[in-house]
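[1] Structure for this input, please:
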Amino acid sequence: MTVDVLTALAVKARGAAHAGCVCAHPDTVLADRQDGTVVRHGDTVAKAHAPGTDPGELASRLAVAAHPALTDTLLAPLRPTPVDLHGRLVTFWPYGTPVDPENPEAAPWEDAATLLARLHQAPAPDGLPPMRGPAKAARAIARLRAVGPHPAATPVLRAWSALPAWARAEASMPDASTLCHGDLHLGQLVRHPAATGPWLLIDVDDLGVGVPAWDLARPAAWYACGLLPPEEWTRFLIAYRHAGGPAVPAHGDPWPALDVAARALTVQTAALAIAKSAAEARPLDEVEQAVIDACDRMSGAPPELVHDFAK
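    Just a heads-up that it's a prediction; the model follows:
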């Protein structure tokens, strides 16, 4: 985002925080990516959504986050409708304290799982668009293909082609009724009120109806690739089941339910790793290579062995 637009976004954040008065709080850029720019002023956050965001779909997603029945699950927006900023839709939110990436031992896996289970059990309003998880995976593959020939791309594209059409966003999802987050990772949790309140889910850009297993797929894929310790995956899975989450059976092997989504998230992660390393003209790091190697192993593994593709 240009400096001028960043400045304008900061002005929007200050206006939402103080309704015209002046204060000494600094403006802080929390994120500046192609898919969204976020600026904080005091206890208020302004988010400029990705170019081309559908205003009707965003409004539907904001209404879900603002619904009183989900106050213990989703962070509610400060305003019910977005505003326009140089052609970008902007929404306003209270600031919450994020998960500390420097303290992985304190990662709130149980809280994340419980929040997901609550979300998945909440009634989805009529007219809510599909959750955008598969569409994001498809965009990651498009970024990979735009890189051009790359020695690491072959196993990733092979694993992608083996997925069912719905997981590649080429067909409707088999579940069109379950309320899903669409992009669950620990960066999507904050404490509100800041530092002292309960954990809540944020970022409704991908929220919608679809296959709830997609929301468990990233930690499942990390575990399968050897990037998430087994005890942390077990804590997450047990907490989700204990809270009544419908994405996996209450007992027994969860992997038949998680297989497709876990594979898709592994492919998405690998595709983005290659695209980013190519853009930065650097070799793949150890973690990125591990995910690509997992795609290679996945290609020859039967579905029921998805949780062994790190071996």
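[2] looking at it, Leu9 is touching Val90, isn't it?
    Yes. With contact taken as Cβ atoms under 8 Å, Leu9 and Val90 are classed as touching, separated by 6.7 Å. For the C-beta atoms, the positions are set from N, CA and C on the backbone; glycine is no exception.
[3] okay, the two: which has more neighbours?
    For the pair Leu9 and Val90, the greater number of neighbours falls to Leu9 (25 against 21), based on other Cβ atoms under 10 Å.
[4] Give the residues shared as contacts by Leu9 and Val90.
    Taking Cβ atoms under 8 Å, 6 or more residues apart in numbering as the contact definition, Leu9 and Val90 share the neighbouring residues Ala46, Ala48.
[5] This structure - how does it break down into domains?
    For the chain, whose domains are defined here by automatic domain parsing, the residue ranges read 3-95, 104-308.
[6] For these, give me JSON lines that also has mean pLDDT.
    Formatted as JSON lines, the domains of the chain follow (pLDDT from 0 to 100):
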{"stretch": "domain 3-95", "mean pLDDT": "86"}
{"stretch": "domain 104-308", "mean pLDDT": "94"}
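[7] Comparing those, which stretch has the densest surroundings?
    domain 104-308 (a mean of 19; mean count of other Cβ atoms under 10 Å).
[8] Can I get stretch 285-304 in PDB, CA atoms only?
    The C-alpha coordinates for stretch 285-304 follow below in PDB (Å, rounded to 0.1, in the frame of the first residue of the first chain):
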ATOM      1  CA  ASP A 285      14.800 -22.800   4.100                       C
ATOM      2  CA  GLU A 286      14.500 -26.000   6.100                       C
ATOM      3  CA  VAL A 287      10.800 -25.600   7.000                       C
ATOM      4  CA  GLU A 288       9.800 -24.800   3.500                       C
ATOM      5  CA  GLN A 289      11.700 -27.800   2.100                       C
ATOM      6  CA  ALA A 290      10.000 -30.000   4.700                       C
ATOM      7  CA  VAL A 291       6.600 -29.000   3.400                       C
ATOM      8  CA  ILE A 292       7.600 -29.600  -0.200                       C
ATOM      9  CA  ASP A 293       9.000 -33.000   0.700                       C
ATOM     10  CA  ALA A 294       5.700 -33.800   2.400                       C
ATOM     11  CA  CYS A 295       3.900 -33.100  -0.900                       C
ATOM     12  CA  ASP A 296       6.200 -35.500  -2.600                       C
ATOM     13  CA  ARG A 297       5.400 -38.200  -0.100                       C
ATOM     14  CA  MET A 298       1.700 -37.400  -0.200                       C
ATOM     15  CA  SER A 299       1.600 -38.100  -3.900                       C
ATOM     16  CA  GLY A 300       2.300 -41.800  -3.300                       C
ATOM     17  CA  ALA A 301       0.500 -42.300  -0.100                       C
ATOM     18  CA  PRO A 302      -3.100 -43.700   0.200                       C
ATOM     19  CA  PRO A 303      -5.500 -41.200   1.800                       C
ATOM     20  CA  GLU A 304      -5.700 -43.100   5.100                       C
END
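[9] Which parts of the stretch 201-311 of the chain are strands?
    Using DSSP state E, counting those that start in this stretch, the strands of the stretch 201-311 of the chain run over 208-209.
[10] what sits against the residue positioned nearest the centre of the chain?
    Taking Cα atoms, centre = their mean, the centroid of the chain lies closest to Asp183, which sits 2.0 Å from it. Listed by Cβ under 8 Å, 6+ apart, the contact set of Asp183 reads Arg132, Gly133, Lys136, Asp203, Asp205, Asp206.
[11] what's Val211 in contact with, if anything?
    Contacts were defined as Cβ under 8 Å, 6+ apart; by that measure Val211 touches Gly133, Trp166, Met173, Pro174, Asp175, Thr178, Cys180, Ala247, Ala261.
[12] Just the closest of these to Ala142, please.
    Sorting the contacts of Val211 by distance to Ala142 puts Gly133 at the head of the list, at 15.2 Å, by Cβ to Cβ.
[13] Having no further points to raise, I will conclude here.
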